[in-house]
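>>> Following is a predicted model, sequence given first.
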Amino acid sequence: MTYIVRFVETPEDLARCHDVRLKVFSDEQGYDRDVEIDEIDSECLHWVALDPTTNQGVGTARLYKYSPTVGKIGRVAVLSSTRGTGLGRLIMEVLEKYVIENTNLEKLALSSQVPRKGFYEKFGYVASGDEYPDEGQPHVYMEKSLPARN
């Protein structure tokens with residue numbers, strides 16, 4: 001299946017992102033539903049992945065400016081029914097391409113659940129620092145330098 005990953009520009013697409021996040025992080029992984037849509041969500045750029053046959057959200061990610069030169073990726077989620085299809089890779093590729101083409105950020109960072117660290121390492125992210133708990137799950141901070149732009 002070929003999925004569509006697009007930048008969120010409508011309230012309907014943002015609702016699709018939130019739906020995916022609640023299904024993955026709250027229903028599946030047990031995170032508190034009340035903190036899933038947090039205080040920075042409205043400041044973030046969001047991407048939604050759609051199943052073209054149903055137009056339903058099946059994946060998502062968000063990005064916010066962590067510092068003047070670092071963007072922080074978060075809430076990367078793919079529904080269990082679409083895992084293993086390459087959708088997570090596609091979301092990351094689309095997000096990174098957007099950042100490279102449309103921002104002056106020099107690095108991307110993220111907070112990875114420890115069991116998912118290898119997924120991000122495939123994209124060149126490098127873990128730094130000690131593991132730390134987030135909602136009871138072990139996480140690790142990761143960064144990736146972006147290519148220099150003219």
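Done, it's in. Keep in mind that what you see is a predicted model, and the values were worked out from it rather than measured.

>>> use CA for all of it now, contacts and neighbours both
OK.

>>> any weak-confidence spans in this protein?
By pLDDT under 70, the low-scoring segments of the chain are 150.

>>> Which parts of it are helices?
11-21, 33-36, 87-102, 117-121 (DSSP state H).

>>> Out of those, indicate the one that is most buried.
helix 11-21 (a mean of 20; mean count of other CA atoms under 10 Å).

>>> For residue 147, which of the helices of the chain is the nearest?
helix 87-102 (7.8 Å; CA to CA).

>>> Export the closest one to PDB, keeping only CA atoms.
What follows is helix 87-102, C-alpha atoms only, in PDB (Å, rounded to 0.1, in the frame of the first residue of the first chain):
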ATOM      1  CA  LEU A  87       5.200   4.100   6.900                       C
ATOM      2  CA  GLY A  88       7.400   5.200   9.900                       C
ATOM      3  CA  ARG A  89      10.300   5.600   7.500                       C
ATOM      4  CA  LEU A  90       8.200   7.600   5.100                       C
ATOM      5  CA  ILE A  91       6.900  10.000   7.800                       C
ATOM      6  CA  MET A  92      10.500  10.600   9.000                       C
ATOM      7  CA  GLU A  93      11.700  11.200   5.400                       C
ATOM      8  CA  VAL A  94       8.900  13.600   4.600                       C
ATOM      9  CA  LEU A  95       9.400  15.600   7.800                       C
ATOM     10  CA  GLU A  96      13.200  15.800   7.400                       C
ATOM     11  CA  LYS A  97      12.800  16.900   3.800                       C
ATOM     12  CA  TYR A  98      10.500  19.600   4.900                       C
ATOM     13  CA  VAL A  99      13.000  20.800   7.500                       C
ATOM     14  CA  ILE A 100      15.900  20.800   5.100                       C
ATOM     15  CA  GLU A 101      14.000  22.700   2.400                       C
ATOM     16  CA  ASN A 102      12.000  25.200   4.600                       C
END
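
>>> helices or strands up against it?
On a contact count with 3 or more CA pairs under 8 Å, 6 or more residues apart in numbering; DSSP states H and E, helix 87-102 meets strand 4-7, strand 45-51, strand 56-67, strand 70-78.

>>> how about the nearest residue to residue 135, chain neighbours excluded?
In space, and not counting its chain neighbours, residue 135 is closest to residue 31: 6.4 Å by CA to CA, 6 or more residues apart in numbering.
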